[in-house]
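Novice: Mind looking at a prediction? Sequence and model below.
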Amino acid sequence: MNLRRLIVLVAFASALVSLANTFYASYRVQRQLLIDTTLEANHAYASKLASTAEDFLQSARQQLAYSAASLPSRMADDAWLTAEAQRLRLQTNSFNSVLIVDAQGKVLGVSPETLALKHRTLDSAGAAQALRERRPLITQPYVSSAGNLVVFISHPILDRDGRYLGYVGGSIYLKQKNILYTMLGQHYYRDGSYLYVVDQKRRLLYHPDPARLGDVAGSNEVIDAIIAQQGGGNRRMDNSLGVDMLAGYAVMPSTGWGIVAQRPTAMTLAPLNQLMADTVWHSLPIALLSLPFIWWLASLISRPLVQLAEGARRMDTPGTAEHIAAIRSWYVEAAQIKKALLKGLALLQSKIGKLKTDVQTDPLTGLSNRRGMAAALDAWHAQARPFSVIAIDIDHFKQVNDRWGHAVGDDVILRLAQLMRACSRDADVLCRNGGDEFIMLLPDADLDVAIQVAERLRAKVAAAVIPGAGPVTVSLGVVSSEQEGGGMDAVLLAADAALYVAKENGRNCVGITEPA
């Protein structure tokens, strides 16, 4: 993959990742905000309905209390009692039926009269509880003898002496129309939202599905909280059908009933999901239109680097430095790379030169090795340049190493190299041929000059003091290329022969051979 495609890919991927991250973060924040808002709204709505229903029940109790205060003096007046029951039922439509009952449980007045309960003794759960407890009462829901799911509200009738005369009570049929049913039924069931009321025994007192009224609800976190009398709150939970719901609930203090307003989470989030989908859809054209611009910008940015990379690839070819210097690096990074490449080229050339020198140099003495000597000889041979050769060998060098050690032997070799430099010219080539064997190549020097140089070097070595080594001498063989026929190898062989002559003559001297 080239740099331009990489830049385009990175830019487009970065834009996509950034856009996706923005969308995701925005979605998560708005999603949670929507959930929290819905939970709080359901809680507020449930609390409002609970407060309204509580006010209704208190108002109904006050109606009964007011009526009970006027009844002691009229308990024997059947017509008046019937009219009073009729008034209580019709005046506010709070009750589905109203009863006035004496202390023995016999009905003295009833409305509507179609119930045919007058002068009968009641044995329903609500009637029995009212007679037994003789106090203002709101019963838990129960099924009446007529099969109605009933909540019975009653107030005792007491004379001036506080003697119990009976009670006046009103029945609310949970499955029939009344103010409470209308109050709860005004909830707008949109988007799967609905409201239900449950008592302390998990019985459904109100539900949008009339068939479920009176059913006992199963395990439910919200209903559990209502039964625990936690007052009110909101939470996200699964209902009895396994649907994810956002529920708010409130408890009515006088009855312990719980009013729950809930909405499916999926329906709550549906507008947000559609909004995010629309946003993505409308963002696509802009993203597609930005691709050509990204491609052009990537080409502009990558061009200097591509040219520099090509220059780096051709670094070993002539003219590369000039090619790199001509590249227009218009931004800092490319300029720095260009500068580094040019510097690297110069350093490379320097390293190559140094490497070439190192290859031709003896690492201990710094003198030329066999390669350096061969290079110099080849150059002089090509130029037909005359020269003389001095072959040098340290006398009894093995004994120096054996007696004093190799470290002292190295000191002897280094000292000889220093003296060779002191006795030579700048143009002379000084070589270590290996071990204790050395060669001096003297260009444009005849045999007499070479013999003088050799004698001077021999004398200096003999006079030198090398710590730990004792006296050291050298044998030298001198030959001139002008006196020897043949090639370079013949000259070197003649120098070795002259060196052998010096050793045969007792060492510490200069040997020469007769001209070939």
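Specialist: Noted; the coordinates are in hand.

Novice: where along the stretch 201-350 of the chain do the strands fall?
Specialist: Remark: strands assigned in the stretch 201-350 of the chain by DSSP state E, counting those that start in this stretch are 204-206, 232-238, 244-251, 258-264.

Novice: Let me see the residues that make contact with the shortest one.
Specialist: Contact partners of strand 204-206, identified using Cβ atoms under 8 Å, 6 or more residues apart in numbering, comprise 141, 149, 151, 174, 181, 184-185, 195-199, 212-217, 257. For the C-beta atoms, the positions are set from N, CA and C on the backbone; glycine is no exception.

Novice: one more time with 10 Å
Specialist: 49, 53, 140-141, 149, 151, 172, 174-175, 180-181, 183-185, 187, 195-199, 212-217, 223, 255, 257-260 (Cβ atoms under 10 Å, 6 or more residues apart in numbering).

Novice: Please, a PyMOL command that selects the buried ones among the residues you listed?
Specialist: A single PyMOL command selects the buried members of these (16 or more other Cβ atoms under 10 Å):
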select buried, resi 49+53+140+141+149+151+172+174+175+180+181+184+187+195+196+197+198+199+213+214+217+223+255+257+258+259+260
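
Novice: From residue 32, how far out is residue 41?
Specialist: Distance of residue 41 to residue 32, given as Cβ to Cβ, to the nearest Å: 15 Å.

Novice: Which of those two has more residues huddled nearby?
Specialist: Neighbours were counted for residue 41 and for residue 32 using other Cβ atoms under 10 Å; residue 41 has more, 15 against 10.

Novice: Residue 436 reaches residue 417, doesn't it?
Specialist: No - counting by Cβ atoms under 10 Å, residue 436 does not reach residue 417; the two are 11.4 Å apart.

Novice: Would you enumerate the residues in contact with residue 470?
Specialist: Residues near residue 470 by Cβ under 10 Å, 6+ apart: 399-400, 403-404, 408, 412.

Novice: any chance of the strands of the stretch 201-350 of the chain in CSV, plus distance to residue 165 and mean pLDDT?
Specialist: Below are these laid out as CSV (distance: least, Cβ to Cβ, whole Å; pLDDT from 0 to 100):
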stretch, distance to residue 165, mean pLDDT
strand 204-206, 31, 83
strand 232-238, 39, 88
strand 244-251, 34, 91
strand 258-264, 36, 89
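
Novice: Just tell me which of these ends up closest to residue 270.
Specialist: Among these, strand 258-264 comes nearest to residue 270, with 9.0 Å by Cβ to Cβ.

Novice: Dump the strands of the stretch 201-350 of the chain into TSV; add distance to residue 68 as well.
Specialist: Below are the strands of the stretch 201-350 of the chain laid out as TSV (distance: least, Cβ to Cβ, whole Å):
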stretch	distance to residue 68
strand 204-206	26
strand 232-238	32
strand 244-251	28
strand 258-264	29
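
Novice: I'd like to know which of those strands lies nearest to residue 25.
Specialist: Between residue 25 and the strands of the stretch 201-350 of the chain, the shortest separation by Cβ to Cβ is 21.0 Å, and it involves strand 232-238.

Novice: Just the CA trace of the closest one, in PDB.
Specialist: Taking Å, rounded to 0.1, in the frame of the first residue of the first chain, the C-alpha atoms of strand 232-238 are listed here in PDB:
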ATOM      1  CA  GLY A 232     -43.100   5.600  45.300                       C
ATOM      2  CA  GLY A 233     -40.400   5.600  42.800                       C
ATOM      3  CA  ASN A 234     -39.400   4.400  39.300                       C
ATOM      4  CA  ARG A 235     -37.500   1.600  37.800                       C
ATOM      5  CA  ARG A 236     -36.800  -0.300  34.600                       C
ATOM      6  CA  MET A 237     -38.000  -3.900  34.700                       C
ATOM      7  CA  ASP A 238     -39.700  -6.700  32.800                       C
END
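
Novice: ok so, going back, out of the contacts of residue 470, which are buried?
Specialist: Listed as buried from these are 400, 404, 408, 412; burial here means 16+ other Cβ under 10 Å.

Novice: Pick out the most distant pair among the residues you listed.
Specialist: Taking Cβ to Cβ as the measure, these have their most distant pair in 404 and 412, spaced 8.7 Å apart.

Novice: Next, show the common contact partners of these two.
Specialist: 466, 468-470.

Novice: Closest one to residue 63 out of those residues, please.
Specialist: Nearest to residue 63 among the shared contacts of residue 404 and residue 412, with distances taken as Cβ to Cβ, is residue 468, at 131.4 Å.

Novice: what number of residues lie near residue 390?
Specialist: With other Cβ under 10 Å as criterion, residue 390 counts 29.

Novice: Verify the contact between it and residue 428 for me.
Specialist: Yes - using Cβ under 10 Å, residue 390 is in contact with residue 428, at 9.4 Å.

Novice: Would you mind listing the residues touching both of these two?
Specialist: Jointly contacting residue 390 and residue 428 under the rule Cβ under 10 Å, 6+ apart are 420, 440-442, 445, 453.

Novice: Please convert those residues to TSV, extending it with neighbour count and secondary structure.
Specialist: Shown next, in TSV, are these (neighbours: other Cβ atoms under 10 Å; DSSP: H, G, I helix; E, B strand; the rest coil):
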residue	neighbour count	secondary structure
420	25	helix
440	25	strand
441	26	strand
442	23	strand
445	23	coil
453	23	helix
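
Novice: all helices of this structure, in order?
Specialist: Secondary structure of the chain by DSSP state H: the helices cover 3-70, 78-92, 125-133, 179-185, 221-227, 265-313, 320-325, 332-359, 370-383, 397-404, 406-422, 447-463, 488-504.

Novice: Tell me which of the ones you listed lies nearest to residue 245.
Specialist: Going through those one by one, with Cβ to Cβ as the measure, helix 265-313 comes closest at 6.6 Å.

Novice: and the angle from that closest one to strand 258-264?
Specialist: 40 degrees (axes from the mean of the first three to the mean of the last three Cα atoms, to 10 degrees).

Novice: packing partners for helix 265-313?
Specialist: Here helix 265-313 touches helix 3-70, strand 232-238, strand 244-251, helix 320-325, helix 332-359, going by 3 or more Cβ pairs under 10 Å, 6 or more residues apart in numbering; DSSP states H and E.

Novice: now those in TSV, with distance to residue 504?
Specialist: Formatted as TSV, the helices and strands packed on helix 265-313 follow (distance: least, Cβ to Cβ, whole Å):
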stretch	distance to residue 504
helix 3-70	73
strand 232-238	113
strand 244-251	113
helix 320-325	58
helix 332-359	36
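
Novice: Alright, that wraps it up for me.
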